[in-house]
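>>> Build me a model:
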Amino acid sequence: MSHGKQFTLYNHAAGSNRWKVVFVLEELGLTYETIYLDFKSGDLRGPAFAKLNPDGRIPALIDHKNNDFAIWESDAILLYIVDKYDTEKKLAVTDTNEKYQLIQWLFFQASGQGPYFGQYFWFKNYHPKKVESARDRYKKEIARVWSVLESVFSK
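Modelled structure (predicted):
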């Protein structure tokens, strides 16, 4: 199959993690086509998408210039794109200590910020019953994450 763009990015119109991938692709001038999947239609849980991502979540990326290599999880996608295609070192970090600090912040985002924002969004907008304790918990965690970032960026 011939592709005009280097990448196919599977996403959802409301997904927040997609922006990380889009920003890096844009910053590096890489071409991509976005396919938007619908949460309600079952696209994410179907057998076709499961071949790309067995976890059935977005984003997922196919690199057509690398034998249609498929990768999922937004932070893994970021590391892949930068490692493989940031030849001008616009985003790459070459110092070992800086590299691991970068990875540390990716893990902070993946294990804290992303899940807390996602859970709050779910309980605020989609959960069938109003669960105020869950909304309060995630709202407080979001505030805590922001305070961590503020403490670092304000120095």
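
>>> list the helices and strands the biggest helix by length in the chain packs on?
Identified as the longest helix of the chain according to DSSP state H is helix 132-153. Under the contact definition 3 or more CB pairs under 8 Å, 6 or more residues apart in numbering; DSSP states H and E, helix 132-153 sits against helix 114-125. All C-beta atoms are positioned from the backbone trio N, CA, C, and that covers glycine.

>>> ok, now which ones touch Trp72?
Going by CB atoms under 8 Å, 6 or more residues apart in numbering, Trp72 touches 52-53, 55, 57, 59-61.

>>> could the residues you listed go into a markdown table alongside pLDDT, secondary structure and distance to Gln6?
Below are these laid out as a markdown table (pLDDT from 0 to 100; DSSP: H, G, I helix; E, B strand; the rest coil; distance: CB to CB, whole Å):
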| residue | pLDDT | secondary structure | distance to Gln6 |
| --- | --- | --- | --- |
| Leu52 | 90 | coil | 16 |
| Asn53 | 91 | coil | 19 |
| Asp55 | 90 | coil | 24 |
| Arg57 | 87 | coil | 22 |
| Pro59 | 93 | coil | 15 |
| Ala60 | 95 | strand | 15 |
| Leu61 | 97 | strand | 10 |
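
>>> Looking at the residues you listed, which two lie furthest apart in space?
Greatest spacing in those, by CB to CB: Asp55 and Leu61 (13.9 Å).

>>> So which of these two has more stuff around it?
Neighbour count, other CB atoms under 10 Å: between Asp55 and Leu61, Leu61 has more, with 26 against 12.

>>> wait, isn't that one in contact with Phe7?
Yes. Assessed by CB atoms under 8 Å, Leu61 is found in contact with Phe7 at 5.7 Å.

>>> Give the residues shared as contacts by those two.
Tyr32.

>>> any low-confidence regions in this protein?
Across the chain, residues meeting the criterion (pLDDT under 70) sit at 1-3.

>>> any chance you could map the strands in it?
7-11, 32-36, 60-63, 69-72 (DSSP state E).

>>> and Trp122, how far is that from Glu73?
To Glu73, Trp122 is 19 Å away according to CB to CB, to the nearest Å.

>>> Please say which of the two ends up with more neighbours.
Glu73 (17 against 13).
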